[in-house]
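Colleague: predicted model, plus sequence, below.
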Amino acid sequence: MDFTTVILVLDSALRLATPLLFACLAGLFSERSGIFDIGLEGKMLASAFFSASVAAFTGSVWLGLLAGMGASIFLALIHGVASITFRGNQLISGVAINFLASGVTVIVGQSWFSLGGRTPQLEGAARFQEITLPFAEALRGVPVIGPIYADLISGHSILVYAGFAAVALSWWVLYRTRFGLRLRAVGENPEAVDTAGISVIGLRYTATIICGALCGLAGTYLATGLAAGFVREMSAGRGFIALAALIFAKWRPGYALLACLLFGLLEAMGNRFQNIDVLGINVPTQFMQALPYILTVVILAGFVGRAIPPRAGGEPYVKER
Amino acid sequence: MQAEQAEASGRPVPAIELRGISKAFGPVQANRDISLTVMPGTIHGIIGENGAGKSTLMSILYGFYRADAGEIFIRGRKTEIHSSLDAIRAGIGMVFQHFKLVPNFTVLENVILGAEDGPLLRPSLAKARGLLRQLAEEYELQVDPDALVEELSVGHQQRVEILKALYREADILILDEPTGVLTPAEADHLFRILKGLKEQGKTIILITHKLREIMAITDTVSVMRRGEMVATVQTAETTPEQLAELMVGRKVLLRVEKTPARPGEVVLEVENLRVTDEDGVERLKGITFELRAGEILGIAGVAGNGQSELLEVLGGITKGEGEVRLAGVPLALSGKGADGQSRRAFGIAHVPEDRQKLGLIMDFFAWENMIFGYHHDPAYQKNALMMDNTAIRRDAEEKMHRYDVRPPNAALQAKAFSGGNQQKIVLAREMSRKPALLLVGQPTRGVDIGAIEFIHQQIIALRDQGAAILLVSVELDEIMSLSDRIAVMFDGRIMGERLPGETDERELGLLMAGVAGEAA
Amino acid sequence: MGRLPKWADVALIPLINLALALIVSGLVVLYIGENPIEAVAIMVNGAIGSTYGWGYTLYYATNFIFTGLAVAVAFHARLFNIGGEGQAGLGGLGVALVCLFIPWPHWTLALPAAILAGALFGAALAAVPAWLQAKRGSHIVITTIMFNFIASALLVYLLVNVLKKPGQMSPETARFPEGARLPSAHDMASWVGLDFSKSAPLNITFFIAILACVAVWFLIWRTRLGYQIRAFGHSEPAAVYAGINPVKITMVTMLISGALAGLMGINSVMGEAERLVIDSVQGAGFVGIAVALMGRSHPAGVFLAALLFGMLYQGGGELEFEKPAVSREMILVIQGLVILFTGALDNMVRMPLEGLFLRLRGGAR
Amino acid sequence: EPGLIIDLGGKFDKSFNEAAYNGAQRWVKETGGSYIETELQSEAQREQNMRKMAERGANPIVVLGFANASTLERVAPDYPDTNFAIIDMVVDQPNVLSIVFAEHEGSYLVGMLAGMKTQTKTVGFIGGMDIPLIRKFACGYVQGVKAVDPSIRVIQNMTGTTPAAWNDPVKGAELARAQIAQGADVIYAAAGGTGVGVLQAAADAGIYSIGVDSNQNYMHPGSVLTSMVKRVDNAVYNVFKAGTEGTFKPGFLLMNLANDGVGYALDEYNAALITDEMKAAVEDAKAKIIAGEIKVHDYMSDDSCPVE
Ligand SMILES: Nc1ncnc2c1ncn2[C@@H]1O[C@H](COP(=O)(O)OP(=O)(O)OP(=O)(O)O)[C@@H](O)[C@H]1O
Ligand SMILES: Nc1ncnc2c1ncn2[C@@H]1O[C@H](COP(=O)(O)OP(=O)(O)OP(=O)(O)O)[C@@H](O)[C@H]1O
Ligand SMILES: [Mg+2]
Ligand SMILES: [Mg+2]
């Protein structure tokens, strides 16, 4: 594998990691507050649809972004009402949201566009375009650093950079602010938060809304950054992979970045090296396609120890039995 | 208005006055029309049996629960307490029976949680660090501000809880069973702190089961029974016997009656026993002792000096090295046979220190818990596949009656029982099988005096039937009154052995502090 | 001791929940311009209005019972098995292999062998995540998700390259020989002189599913192993104290769970399709999660929830057929709402209702 | 009243099912008639819906997709008075018309166009799932490319192994980018909804793509080189028409280049991309294939492809 290939695979990995990263951080905020969320997939899908639709209507991807985040936050609030206010089962609520999103996106899409649940193809300002960073062209010629800067670092949609910024911001919010302290506390021991005079419910709703907003970014990037429009079920299981990445990352922002990059990298390599011969035997495509998942298991078993979830996770906060 | 009246009349205004507080949890009336007056600058004790409603009352005062009826006056002013925030604003701080700390936070983080100065942590942390140092000096509340709370001893965790309250400038401090988990030394230390606080003019409410503590430190004491407040008296004008009677509603023996031991054959031989924990820290550094049938060996020591590990390795929960023989037969300390099943097959019963985490499945019914660990016993099997639930239930109900578990309803979940009764379930299960060796840790932690009396009687009865008993307790009283021999552990070693008649708390205290041997 | 009378708890609340879900679904139906009452009538009639409807409803329910039980059993040991999809797929493979490559004289012989194979293959796929969880602490949620992908890759490979009839377009195996075909509901009804729709895919596997429910109930609440599984699920430290081996319980539970999922192949592969096709599970593994959660991991609950989902699938199919404006996604929405209201928003109805009953009782006193 | 059973991909899959739906709609528009339509939601419904249609009196009934073959085999005899048509598979029953497309021939032609258009001597193919049907497309395509210049490299990729493989434009785009990075400048997508992403990525990168099943030229004018059209719409239209006019004939129908059953799309959107020489070459090959002078190997005939 030569240098250029490495750069290109990494470049692809960055793109593929970004939606995972947003969704993973979304799950991180939610689960850190003690609300398990397997509805990341559904929220991503809903936001992909609504962002693409509004972008198609208005021609503005930014309005699309708002709509995508709005839709995702709406679903997050349903999850919040079910699991915080009514102390319902968080897993069930998440499953329900996935079903709802699968159905609603297509039904509404069909009634709006009559394209079978697809949105029209997005063009121009209705999409997030790739950004060329300053001096990218000028530096391209410089050996090693040039291609890294021009081909790997430069030339992504703004949301990719936002994804990286979100990691840093999440870390900062979580570990350097009052809100972060309280959020981490409420996921570990809500009674400690309650007896300290802070509203458990308020904190958890806030976390849920942040989760919705981040899932909104994930979906928007899928539909308006990576693709140019919505196709039904286009989240294609990425919400679940993000969940896996979250566990992998042990609920920490920095590790989340690494985990998502790893998943992105494995997928990019799977894409790039689908047909290879080993000792003259053609390895079946299916094996190469399963390889990222096999490697994930191997890495998990070999290098990542036990992951301890936030202690109060999944349990509704009930003061009086 | 009231405040002014009181001032005019020259009487001091009560720090706290509760009037007609009632609270029900579904069908359970935890508090019934309770009134209580606490004068400022005093230490006010509250006692009562398990489930009497003490914690509930204090949680209401602290805004953790909302009362169904009643009024609260703080310093003479009627105060609505809807949440803990209201209570904190009214200057109330509370140290709960079960600490409300975030285990994987540092001390500092726990202290500032909810009392941060601004949206950013850094300034708050810096300020808290300074204040903590100051408080530590003022009240002997030393604790490493950067330590993770889960890595602190229980005593230190409690200090964090007190610091939390002081940091919020509480001048009314509620402590719910603060000494239940403390060693005598730690308890003494706590009392010094409380006295210091009192001298600063703070008001303290202290809930405890230990009459000795009530007598030693409180100014006034209130007694609760079955959700009602039955008496409030000046401590100086009462006696422990009288209080015990008020609590339980009958006369209670406060001293353990026992005949001298008649030790028989050696049952347990432990030689150079070592345990290393997951982090590679050596917890037991070569323990050697013998235990005979019909004898109680009490292990004294400050919590965290290897007593827990000793019980766990003997009970087959953790692995160890060295040699352990039961009636001459070596026990496996690692690999096959080093598990709870095999130990039970040898006739070793184990009452674990932490009944809620280890000894019981809180969501299981009492009858299911009554066979926990003994589920392989042929008596409980209907055939090769099925368990005989009818027999198990019958057996459980019989044991619950015999061990005075209240209510004696085997169809209740373990979590529905009070702490004392949960403990009785575990004891019934482990002791009723007439084990050759009983390992028992903290048998009366958090248990009221009525139940303590009963539990102590059962342990002695078992000894008299010829069982060897290894008793681990941080209550020196308990060790002194139950044991036939006392071994003191410090830092994973046995510092020395004493006979209860030939030693005193002072000497044991020195051994517990690691001051070795005959010099003490 | 409950605050509600038993009948309200088990019947009234679920019915109100279901009604709420249907009302909201009705709004969506209105949005696309159809009559919601008519829609409900079509769904109910389609699902249970004829032996034909029942035949499909119960066929789907059978699938969901297996995958639901799989999730439920694992839940009792606090293991979240999301791998039902892959395990059921591999179970189907096992069933297909047994049916294809052994010339069975009669289905009564083929069935036990297929049960064994389906269970074995399903369990085999669950074994690796189980072992990794028990020994390495690798989170079972991740590993089972990954094994779903791995299983589907394996199945596609085998169907396309190994098991496909040469020269045939579709990646599916040949139809199973006569001796490996299970009696359908129609056949069974005719044994006792009854008439049952000939076309419905319901087959004898339904009874195996009921047996599986009973067996799981028995396992969990009547056997020593079940006792140990539950104890381990509630508290691992306590289980260790009691001498219950965590590795063993994790392994055994997951093997049972995988085997149950694998049994789904009997119904879909042997009973219905009579051949192995690509993606024979069709998401039933994931529906199983919802079924187990809604059934509160109790076999009776799983049975009822599976039945409800079977009705939704079949009734929804009829609705889609009858009403051109109603697309198959509509049915997803209805399912989502039913899960949401009956499963997650339970307390929304329960809390006010408890207050009401408390007041009623107080008034009576 | 004819009936149409849409397969699992859904009515608007942008390719196969959608083409069938469009054919039915055209028939409705032209004749003013009405038909019964249903979409499968699950494998088990194949039989259910076929029988329901038949019992409703729909005639003829069109079922789409090879996966229905063994079910139809079982159902058709039960309804001897109903006519069925199955697309993409042969079912030997007296009341069934089997319609099969020569996708390899159409793919051959678009392969030629790709071979002539490429500057980099590298072209790509992206399929949905690695199943025989997709290999049939790929094999015809590769033959066409190699017919132009045997030294041209064809990169082949598949999207996945789960049903998501047909609906993942993001992955399609990523695969396309990977192929572009390896030098491909024409990419043929045979992957349903995934192809939308392939076409998009190609347009973004300024290279050419080739659509499939329906005419997708309009999606990115100037970038979609052509589309390998498979006239499922015509097939459905014709069956409906024959059914209502009473001229339906069971048996076997091969839709190939000769009867315009498959082909390459040329319209205003790609007119500028196809030079006259290219068009001449392709037309020539088309004539030769029809005449039998060029034999395009069908992957299905022996489950293998002579070129790679
Ligand atoms: N959150 C709750 N929900 C339901 N019942 C409760 C709850 N908390 C306490 N109770 C019940 O209320 C009664 C009083 O309990 P409380 O904890 O106040 O007793 P206590 O006097 O503190 O006992 P102990 O000495 O064991 O701590 C008991 O019967 C208890 O079971
Ligand atoms: N009554 C008993 N008391 C103590 N130990 C017992 C008793 N019965 C069996 N055991 C021990 O428990 C272990 C397991 O017992 P057994 O083989 O009967 O049950 P099992 O079904 O294999 O256990 P599991 O359910 O854990 O698989 C063995 O080590 C056995 O010696
Ligand atoms: Mg208490
Ligand atoms: Mg066994």
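Modeller: Yes, it's here. Ligands and ions are numbered 1, 2, ... in the order given.
Colleague: hey, let's count contacts and neighbours off CA atoms from now on
Modeller: Fine.
Colleague: please enumerate the strands of the stretch 201-350 of chain B.
Modeller: B:203-207, B:220-225, B:228-234, B:266-276, B:282-292, B:295-300, B:321-326, B:329-330, B:348-351 (DSSP state E, counting those that start in this stretch).
Colleague: between the fifth one and strand B:266-276, how many degrees?
Modeller: So the one you mean is strand B:282-292. 180 degrees (axes from the mean of the first three to the mean of the last three Cα atoms, to 10 degrees).
Colleague: what's near enough to touch the residue in the stretch 1-150 of chain C that ligand 2 sits nearest to?
Modeller: In the stretch 1-150 of chain C, no residue comes nearer to ligand 2 than residue C:77, which is 14.2 Å away by Cα to the nearest ligand atom. Contacts for residue C:77 (Cα atoms under 8 Å, 6 or more residues apart in numbering or on different chains) come out as C:229, C:230, C:231, C:232, C:233, C:234, C:249, C:250, C:253.
Colleague: redo that, cut-off 7 Å
Modeller: Applying Cα atoms under 7 Å, 6 or more residues apart in numbering or on different chains, we find residue C:77 in contact with C:229, C:230, C:232, C:233.
Colleague: with residue B:24 instead?
Modeller: Residue B:24 neighbours (Cα under 7 Å, 6+ apart): B:30, B:31.
Colleague: and it, how far is that from residue B:33?
Modeller: Distance of residue B:24 to residue B:33, given as Cα to Cα, to the nearest Å: 11 Å.
Colleague: what's the answer for residue B:332, then?
Modeller: From residue B:332 across to residue B:33, the span is 58 Å (Cα to Cα).
Colleague: packing partners for the helix or strand hosting residue B:129?
Modeller: Per DSSP states H and E: residue B:129 is located in helix B:121-139. For helix B:121-139, the elements it packs on are helix B:107-112, judged by 3 or more Cα pairs under 7 Å, 6 or more residues apart in numbering or on different chains; DSSP states H and E.
Colleague: so residue D:265 is in contact with residue D:229, correct?
Modeller: Yes: counting by Cα atoms under 7 Å, residue D:265 touches residue D:229, with 6.4 Å between them.
Colleague: now the helix holding residue B:129: mean pLDDT?
Modeller: Across helix B:121-139, pLDDT averages out at 90.
Colleague: please apply the same query to stretch B:227-245.
Modeller: Across stretch B:227-245, pLDDT averages out at 91.
Colleague: also stretch A:103-122?
Modeller: On average, stretch A:103-122 scores 87.
Colleague: same question, stretch A:149-160
Modeller: Stretch A:149-160 comes out at a mean pLDDT of 85.
Colleague: what does that stretch rub up against?
Modeller: A:7, A:10-11, A:15, A:18, A:128-133, A:136-137, A:139-140, A:221, A:225.
Colleague: now do stretch A:80-93
Modeller: Contacts for stretch A:80-93 (Cα under 7 Å, 6+ apart): A:35-38, A:79, A:201, A:205, A:208, A:314, A:316, C:290, C:293, C:339-340, C:343-348.
Colleague: can you check stretch B:438-449 too?
Modeller: The set of residues external to stretch B:438-449 that reach it, using Cα under 7 Å, 6+ apart, is B:49-50, B:180, B:209, B:311, B:348-353, B:419-420, B:452, B:468-474.
Colleague: what residues does chain D put near chain A?
Modeller: Residues of chain D lying near chain A by Cα under 7 Å from any Cα of the partner chain: D:11-12, D:157, D:160-161, D:164, D:167-170, D:174-175, D:178, D:193, D:197, D:200.
Colleague: sort out for me which of those are in helices.
Modeller: D:169, D:170, D:174, D:175, D:178, D:197, D:200 (DSSP state H).
Colleague: which residues does the third one contact?
Modeller: In this structure, residue D:174 makes contact with residue A:12, judged by Cα under 7 Å, 6+ apart.
Colleague: how close does it sit to chain B?
Modeller: 41 Å (Cα to the nearest Cα, to the nearest Å).
Colleague: what do you get for the last one?
Modeller: Taken as Cα to the nearest Cα, the spacing of residue D:200 relative to chain B amounts to 45 Å.
Colleague: check contacts around that residue.
Modeller: A:228, D:173 are the contacts of residue D:200 under Cα under 7 Å, 6+ apart.
Colleague: swap in the second one?
Modeller: Neighbouring residues of residue D:170 by Cα under 7 Å, 6+ apart: A:222, A:226, A:227, D:197.
Colleague: of all of chain A, which residue lies closest to ligand 2?
Modeller: residue A:306 (24.8 Å).
Colleague: what values do phi and psi take at that residue?
Modeller: phi -70, psi 130 (degrees, to the nearest 10).
Colleague: how many neighbours does the nearest residue to it once chain neighbours are set aside have?
Modeller: Of all residues not flanking residue A:306 in the chain, residue C:137 sits nearest, at 4.7 Å (Cα to Cα, 6 or more residues apart in numbering or on different chains). Residues within reach of residue C:137, counting by other Cα atoms under 10 Å in any protein chain shown, total 18.
Colleague: my read: residue C:137 touches residue A:303, true?
Modeller: No: shown here, residue C:137 and residue A:303 do not form a contact pair, counting by Cα under 7 Å, at 10.8 Å.
Colleague: ok, residue 259 - how many residues close by?
Modeller: No chain specified, so I'll use chain A. 25.
Colleague: chain B, not that one
Modeller: Using other Cα under 10 Å, residue B:259 is surrounded by 8 other residues.
Colleague: got the CA coordinates for the helix or strand where residue A:162 lies in PDB?
Modeller: Assigned by DSSP H and E, residue A:162 belongs to helix A:158-176. Output of helix A:158-176 as PDB, limited to C-alpha atoms (Å, rounded to 0.1, in the frame of the first residue of the first chain):
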ATOM      1  CA  ILE A 158     -17.700  21.800   7.400                       C
ATOM      2  CA  LEU A 159     -19.500  19.200   9.500                       C
ATOM      3  CA  VAL A 160     -16.400  17.000   9.500                       C
ATOM      4  CA  TYR A 161     -14.500  19.800  11.200                       C
ATOM      5  CA  ALA A 162     -17.500  20.400  13.400                       C
ATOM      6  CA  GLY A 163     -17.300  16.800  14.400                       C
ATOM      7  CA  PHE A 164     -13.800  17.200  15.600                       C
ATOM      8  CA  ALA A 165     -14.700  20.400  17.300                       C
ATOM      9  CA  ALA A 166     -17.600  18.600  19.000                       C
ATOM     10  CA  VAL A 167     -15.300  16.100  20.500                       C
ATOM     11  CA  ALA A 168     -13.100  18.800  22.100                       C
ATOM     12  CA  LEU A 169     -16.200  20.800  23.100                       C
ATOM     13  CA  SER A 170     -17.800  17.700  24.600                       C
ATOM     14  CA  TRP A 171     -14.700  17.000  26.600                       C
ATOM     15  CA  TRP A 172     -14.600  20.600  27.800                       C
ATOM     16  CA  VAL A 173     -18.200  20.700  28.700                       C
ATOM     17  CA  LEU A 174     -18.100  17.400  30.500                       C
ATOM     18  CA  TYR A 175     -14.900  17.900  32.500                       C
ATOM     19  CA  ARG A 176     -14.500  21.700  32.800                       C
END
